[in-house]
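A.B. asks: Any chance you can model this:
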Amino acid sequence: MASSVKPTPSIKARFSKSTAELVSGCQKAAKSKQWDVAIQLASAALQESDGMSGRDRVTILDTRVALYLRMNEVDLAIKDAKAMIRQDRTDGRGYIRCGQTERARGHFSAAVNFYRHGLKHVQWSSQYVQSITKEMDAVQEQIRIATMSSKPVDPMEALPLETAQHILSFISYKQHVRLLRVCRAWNRLLRSLRPLTDTLAFPDASKDITPKMLLAALRRLKVPIAVYATRLNDAARSILANRLQAWQNFQALSTLEVQSKLIPPLALPLSKYNLKSLKFGPSTFVEPKDLSEILKQCPGLETAHFTVVRAFPIGTSQPPLDVCLQSQVLQHLHLDAPGEHLDVTTLFARLPGLRSLSVSGVHGRHPPHSGVQHVLDLRYMVGLETLRLIQCAIPKLYLPPSLKDLDVSGSYFFSEDHLTESNPTTLPNLERLTIWRSHAPPPISIFSKGRGIHLEKLSELTMLIDQQSESIFATLMESGWLAGVRRLHLAGSAVVNRYAEQLPQCLRSIEDLCLEETSIDGTFLADLLNALDLLHNNKLKKITLKDCYQVSRDVVPWGKARGVEINLVRTRYDFSGRQIRDAQ
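C.D. replies: Numbers count the residues shown, from 1 in each chain. Down below sits the predicted model:
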């Protein structure tokens, strides 16, 4: 492995007389295997080489490294080998010696690293490149042989059970089911471990689950903790419904997801379970009056997702329903009730622990001349961070200061005094705000000057600018609340070129700008970037233009030259009416 100590042809021409004599004496001593004498002579030669070039000092160090390797002094050898690299990084001998020394120490990966560094720094015309490549190939082959077992064994039988469980924890449920077919040993092991023993699921099923498939999964269950009843055919749903009602092992059930008309929510013995998470999918209709009963039967429920809440057929007239949800531990609630008339002022009045609330389609309108002032006051939810009111009709709205993410897309106030009366809402922690296709008057009207609202942490704004919301966006710009916004998504034909002069004044931290279906042209981009450059605070790195057809494609290379990534996305439709987006 270690090369012999040989005299170089031009040693007398390059070294002084005394140094050349020391090097020559060192080589003679090495040839006669007088290693200690050779080391002393090499060290003396190195002391006299202060005025020499780096390449000459490398030659002397190379000699001493070879001596150390012959004496099996690998620690001293690696020290000198690294000194060779420091003397001249373009000289391949230092990398070769470091690799040889690491191989002698048994550190094959470290040797490969030194060879790779050598190939980076040594010129390809050097005579040492071929040697470095050859040495690296040899070490990599040595590593391959060392890591390849001569007697391959089943890892599930050779590894400790704790190690096998840790490895399997990174594999999905679907992969666990596939691994059952590897061999009988794997089948026995996997059937005794979670998640197959405590989870019933059919993730990403390409076809409906039959009773045979369901029964096979049920036989693997011991103490079920999670059940995801999706994509079951009618016969399989009937079997699962009977098991859910009668099987005692389901007392430990903590997660349940159901998508079936054959499994009504209140037909299940929910009170016998220990549910933490509950979801009813689009195939399961939940009546509003049943919501409070479900929460009552699940006192430990932390996450509730009701995809379809409906009491009457869509389009029929209905009286407003008084429903009050009550839970001290519920943290996440999703409620999709398209067209349902519910009293939202009492619906969420007893959920103090909520951290996220998503409501869609709820109409809170009360009969006219009710003589009652209705306020959706969420300030008591001191931990609420996410609120989504999608296509809702709501009364006056009071929001908690803990809110970080607010989405009021498609929603509006039906109370007429929301613009005149004071609103105690303060949002010092709001980071994301979405106003998309709101109707007049939009709930965001609570953001008006003089109401003590300061959006100091707002970093992301998504907004559709139309006749109803244009004045709101103007208020946001004038108030200075957009100073910290890093990502801005604007849409609508009301976004025109004149915004190029206004946006830079209020967007001091903008990094990502997305414009969709606007009326701008290439002039907008030029004016915007010029205005940002004049402020000496241009942080804009990316602009996405979706269906902005007045902007030509030549802005892409133009923006790249300015250090800004510009993406053009155009929507088109194929012969079947399917939407296709072309990006450039």
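A.B. asks: Make sure residue 60 is actually in contact with residue 43.
C.D. replies: No - when contacts are counted by Cβ atoms under 8 Å, residue 60 is not listed as touching residue 43 (9.1 Å). The C-beta positions use only the backbone N, C-alpha and C, and glycine is treated the same way.
A.B. asks: Could you check which of these two has the larger neighbour count?
C.D. replies: residue 60 (27 against 14; other Cβ atoms under 10 Å).
A.B. asks: For the more buried one, give its distance to residue 487.
C.D. replies: 60 Å (Cβ to Cβ, to the nearest Å).
A.B. asks: Likewise for residue 101?
C.D. replies: Residue 101 is 52 Å from residue 487, by Cβ to Cβ.
A.B. asks: And these two? Which one has more around it.
C.D. replies: residue 101 (28 against 16).
A.B. asks: contacting residues around the more buried one?
C.D. replies: 65, 69, 74, 77-78, 81 (Cβ atoms under 8 Å, 6 or more residues apart in numbering).
A.B. asks: part of a helix, is residue 566?
C.D. replies: No - applying DSSP: H, G, I helix; E, B strand; the rest coil, one finds residue 566 to be strand, outside a helix.
A.B. asks: I'd like to check which residues are in contact with it.
C.D. replies: Going by Cβ under 8 Å, 6+ apart, the list of residues near residue 566 reads 525, 542-545, 555-556, 558-560.
A.B. asks: in which helix or strand would I find the closest residue to it other than its chain neighbours?
C.D. replies: Using Cβ to Cβ, 6 or more residues apart in numbering and skipping the chain neighbours, the partner closest in space to residue 566 is residue 559 (3.6 Å). Element membership for residue 559, per DSSP states H and E: helix 555-561.
A.B. asks: Also residue 505?
C.D. replies: helix 499-506.
A.B. asks: now do residue 284
C.D. replies: Secondary structure (DSSP H and E) places residue 284 in strand 277-286.
A.B. asks: helix or strand right after that strand?
C.D. replies: Next along the chain after strand 277-286, taking DSSP H and E as the criterion, comes helix 288-297.
A.B. asks: between the helix or strand following that next one and strand 277-286, how many degrees?
C.D. replies: Scanning forward in sequence from helix 288-297 by DSSP H and E, the next helix or strand is strand 303-309. Put simply, strand 303-309 runs at 10 degrees to strand 277-286, going by axes from the mean of the first three to the mean of the last three Cα atoms, to 10 degrees.
A.B. asks: partner strands of strand 303-309, parallel or antiparallel?
C.D. replies: In the sheet, strand 303-309 lines up against strand 277-286 (parallel), strand 332-341 (parallel) (DSSP bridges).
A.B. asks: winner for burial among the ones you listed?
C.D. replies: Highest mean neighbour count of those: strand 332-341, a mean of 20 (counted as mean count of other Cβ atoms under 10 Å).
A.B. asks: now the helices for the stretch 301-450 of the chain?
C.D. replies: Applying DSSP state H, counting those that start in this stretch to the stretch 301-450 of the chain gives helices spanning 344-347.
A.B. asks: just the strands in it please.
C.D. replies: With DSSP state E, counting those that start in this stretch, the ranges of strands along the stretch 301-450 of the chain come out as 303-309, 332-341, 356-363, 375-377, 386-390, 393-394, 396-398, 405-407, 412-413, 432-435.
A.B. asks: Switch these over to a markdown table; also include mean pLDDT.
C.D. replies: Formatted as a markdown table, these follow (pLDDT from 0 to 100):
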| stretch | mean pLDDT |
| --- | --- |
| strand 303-309 | 93 |
| strand 332-341 | 89 |
| strand 356-363 | 92 |
| strand 375-377 | 83 |
| strand 386-390 | 94 |
| strand 393-394 | 82 |
| strand 396-398 | 82 |
| strand 405-407 | 94 |
| strand 412-413 | 75 |
| strand 432-435 | 91 |
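A.B. asks: who wins for proximity to residue 37 among those?
C.D. replies: strand 432-435 (76.6 Å; Cβ to Cβ).
A.B. asks: Which of the contacts of residue 566 are buried, as a PyMOL select command?
C.D. replies: Per 16 or more other Cβ atoms under 10 Å, the buried members of the contacts of residue 566 correspond to this PyMOL selection:
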select buried, resi 525+543+544+545+555+556+559
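A.B. asks: What is the nearest of the contacts of residue 566 to residue 342?
C.D. replies: residue 544 (38.0 Å).
A.B. asks: Return the per-residue confidence for that closest one.
C.D. replies: On pLDDT, residue 544 comes in at 95.
A.B. asks: beta partners for it?
C.D. replies: residue 514, residue 567.
A.B. asks: Distance check, it against residue 515.
C.D. replies: For residue 544, the distance to residue 515 - Cβ to Cβ - is 7 Å.
A.B. asks: same question, residue 110
C.D. replies: In terms of Cβ to Cβ, residue 110 sits 52 Å off from residue 515.
A.B. asks: So between these two, which is more surrounded?
C.D. replies: residue 515 (23 against 17).
A.B. asks: What residues does the more buried one make contact with?
C.D. replies: 489-491, 495, 543-546, 548 are the contacts of residue 515 under Cβ under 8 Å, 6+ apart.
A.B. asks: Can I get the residues you listed in CSV including distance to residue 305?
C.D. replies: Conversion of these to CSV gives the following (distance: Cβ to Cβ, whole Å):
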residue, distance to residue 305
489, 26
490, 31
491, 28
495, 35
543, 36
544, 31
545, 35
546, 30
548, 36
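A.B. asks: Distance from the chain centre to stretch 173-184, please.
C.D. replies: 28 Å (Cα atoms, centre = their mean, to the nearest Å).
A.B. asks: List the buried residues for it?
C.D. replies: 173, 176-177, 179-180.
A.B. asks: Would you reformat those as JSON lines and include pLDDT?
C.D. replies: Shown next, in JSON lines, are the buried residues of stretch 173-184 (pLDDT from 0 to 100):
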{"residue": "173", "pLDDT": "92"}
{"residue": "176", "pLDDT": "93"}
{"residue": "177", "pLDDT": "92"}
{"residue": "179", "pLDDT": "91"}
{"residue": "180", "pLDDT": "91"}
